[in-house]
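> everything below, folded, please.
(one chain, ligands or ions: 1)
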Amino acid sequence: MTDINKLRNKIDEITIEMIKLLKTRTDIVKEIGEIKKNIGKCVTDEERECTLRKNVLHLCRELDFDKSIASKFLNFLLNESTKVQSNNKHTHLSVFLEAKTLEAKGAKIIHMEVGEPDFSPPLIVKEGLKEVFDKGFLKYGQTKGIPQFREKLAKYISDNFNSDTTTENVIINPGARFSVFSAITTLLDPGDEMITIEPGWPAYKDCALNAGIKTRTIKTKLEENWEPSIEQIENSISSNTKMLVLNYPNNPTGKILPETIQDKIMELVIENNMYILSDEIYSQYAFKNWKSVLSYNYEKSIVTQSFSKSHAMTGFRIGYAIAQSEIIEKMARLQALCLTNVSEPMQYVAMKALEADTTNNVKTIQRRLESLAKYGRELKLDFLIPDGAMYIFVKLDHEGVDGTQLAKDLLGRGLAVAPGEGFGDYRNFIRLSACQDEKTLKEGMNILSSVLRGEK
Ligand code: PMP
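Numbering: from 1, shown residues only. Okay, the predicted model is just below:
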């Protein structure tokens, strides 16, 4: 046999051996997944992952092997474990879908699980819907969006967010969910790492997992006012870390970071030449000082925005991203591939919506949040008074109460809430959304009160 064939045979043997080991590893991962499910333990365990990561890096030094390749391989394995164990997670979406099924069977459900304002979009939207046919926005359009709409948004952003934004810095997406997916998928590669702060909206982690990107989670605590430690972030940065995700005002906690902490995070991001993805879709619902990431003028920033919450236009699916034109070009390539362009009639209507005064929406949500917080305090629930967004994230100190089980019990009594496990390792929490009128919120809180008191 020639030398090359001998070597190739050796490679084949090693690969087959690796697949066998992978099978054994996956079986054990499944077994652990079952145990975690039974004892209500979160899928990812940052501490264990961190220890394993250190051991792998130590081994690389001993073997004189490239630590970047080894870390990427480790990230692949860790992500596979997460995928195998992530079935059956209860999130605000799964509760929403269950609630819809019950409603179809005639049940009356109070929706405090979703972040969807119950009020209508601005009236001008109705006019827009009527006139769009005659305006001729009916065909395929440009990938990045209607130029006139992008130009108006650029001006709106420059005026409101202390930034110098031009049309080339804006791409219209079908909802901020797609902006987030598009930023993560186009800017990062499999094996790269991304840092998220939890509790958080689950899509950041899910998008990363879907694209083979490893998430490093910074867990924050109610007792520490949901503030991340800079040291913890610093310790999570490796040579593979390419992005950090922020979401303030935050879903689900309502937190806005103190400016000094945000400044320090930005310093770290810039020092390490990372992307910063700042999901600012609740910026309009900021009830105390809040600063857009755009105001740092950092070239690797991507800010996501949406008409869903600010203009109560969830069903129109219009969101957008703001970034340097090179980043926008990359995101546009994915958008062209996936959807050609965002529906032009909907873009036209959203462009009209920009003319509306939405301050009443803000006042309504703020008033409802205040009521929700008042009811929450009356029930002696533990939570942070929100600085913004549309939710309170409540800790359940009641003996033996688990957020996921509680959400199930509440749904049976006609109240839908979001279980804490959907936002990270927070099974003893639930999220309550302030998107209903005050009378309905009070009714919902009465159901919560009676279930917590164990009444049948
Ligand atoms: N980001 C956050 C933090 C959200 O809570 C949501 C929706 N709940 C979105 C993005 C998605 O918004 P859109 O409807 O624009 O896709």
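
> and the strands in this protein?
Ranges of strands within the chain are 110-112, 170-173, 193-198, 214-219, 241-246, 275-279, 301-306, 319-323, 391-395, 415-419, 429-433, based on DSSP state E.

> how about those in CSV, adding mean pLDDT?
Shown next, in CSV, are the strands of the chain (pLDDT from 0 to 100):
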stretch, mean pLDDT
strand 110-112, 96
strand 170-173, 98
strand 193-198, 98
strand 214-219, 96
strand 241-246, 98
strand 275-279, 98
strand 301-306, 98
strand 319-323, 98
strand 391-395, 96
strand 415-419, 96
strand 429-433, 96
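
> what about the nearest residue to Pro147 once chain neighbours are set aside, distance to the ligand?
Here the nearest residue to Pro147 in space, its sequence neighbours aside, is Thr167; by CB to CB, 6 or more residues apart in numbering that works out to 6.6 Å. No exception for glycine: its C-beta is placed from N, CA and C like everyone else's. Distance of Thr167 to the ligand, computed by CB to the nearest ligand atom, to the nearest Å: 21 Å.

> Thr167: neighbour count?
As a burial measure, Thr167 scores 18 neighbours (other CB atoms under 10 Å).

> wait, it sits on Gln148?
No: using CB atoms under 8 Å, Thr167 is not in contact with Gln148; the gap is 9.2 Å.

> related to what we said a few turns ago, so which of the strands of the chain is nearest Cys50?
Nearest to Cys50, of all these, is strand 214-219, at 8.8 Å by CB to CB.

> so what strands line up beside that closest one?
If you go by DSSP bridges, strand 214-219 pairs up with strand 193-198 (parallel).

> what comes into contact with the strand it pairs with?
Applying CB atoms under 8 Å, 6 or more residues apart in numbering, the contact partners of strand 193-198 are 75, 184, 188, 204-205, 208, 213-220, 228, 233, 236-238, 240-247, 423-426.

> one step back: need the strands of the chain in CSV with distance to Met313 and mean neighbour count, can you?
Listed next are the strands of the chain as CSV, based on distance: least, CB to CB, whole Å; neighbours: other CB atoms under 10 Å:
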stretch, distance to Met313, mean neighbour count
strand 110-112, 18, 23
strand 170-173, 13, 28
strand 193-198, 26, 24
strand 214-219, 30, 22
strand 241-246, 24, 23
strand 275-279, 17, 24
strand 301-306, 8, 26
strand 319-323, 10, 26
strand 391-395, 19, 24
strand 415-419, 21, 25
strand 429-433, 17, 28
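
> including distance to the ligand, could those strands go into CSV?
Below are the strands of the chain laid out as CSV (distance: least, CB to the nearest ligand atom, whole Å):
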stretch, distance to the ligand
strand 110-112, 13
strand 170-173, 8
strand 193-198, 12
strand 214-219, 16
strand 241-246, 10
strand 275-279, 5
strand 301-306, 3
strand 319-323, 4
strand 391-395, 9
strand 415-419, 10
strand 429-433, 10
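
> quick check: domain ranges of this structure?
What automatic domain parsing lists as the domains of the chain is 19-85, 92-119+359-452, 123-353.

> now the ones you listed in CSV, with distance to Asp3?
Below are those laid out as CSV (distance: least, CB to CB, whole Å):
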stretch, distance to Asp3
domain 19-85, 23
domain 92-119+359-452, 52
domain 123-353, 31
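
> up against the ligand, what does this structure have?
Contact residues, the chain versus the ligand (CB under 6 Å from any ligand atom): 115, 175-177, 201, 247, 251, 279, 281, 306, 308, 314, 319.

> may I ask which of these has the most neighbours?
For the residues of the chain next to the ligand, neighbours tallied by other CB under 10 Å; top is Asp279, 29 neighbours.

> show me the contacts for that residue.
Residues near Asp279 by CB under 8 Å, 6+ apart: 176, 180, 201, 204, 245-247, 303-304.

> ok, now which ones touch the closest residue to Ile265 other than its chain neighbours?
Once flanking residues are discounted, Ile265 sits nearest to Ile233: 6.5 Å by CB to CB, 6+ apart. Neighbour list for Ile233: 195, 218, 244, 265, 268 [criterion: CB under 8 Å, 6+ apart].

> contacting residues around the residue of the stretch 151-300 of the chain found nearest the ligand?
In the stretch 151-300 of the chain, no residue comes nearer to the ligand than Gly175, which is 2.8 Å away by CB to the nearest ligand atom. With contact set as CB under 8 Å, 6+ apart, Gly175 has these partners: 306, 308, 317-319.

> list just the nearest of these to Phe137.
For the contacts of Gly175, the closest approach to Phe137 (CB to CB) belongs to Ile318, at 13.0 Å.

> can you pull the contacts of the closest residue to that closest one other than its chain neighbours?
Spatial nearest neighbour of Ile318, excluding adjacent residues (CB to CB, 6+ apart): Ala350 at 4.2 Å. For Ala350, the contact set (CB under 8 Å, 6+ apart) comprises 149, 307, 311, 313, 316, 318.
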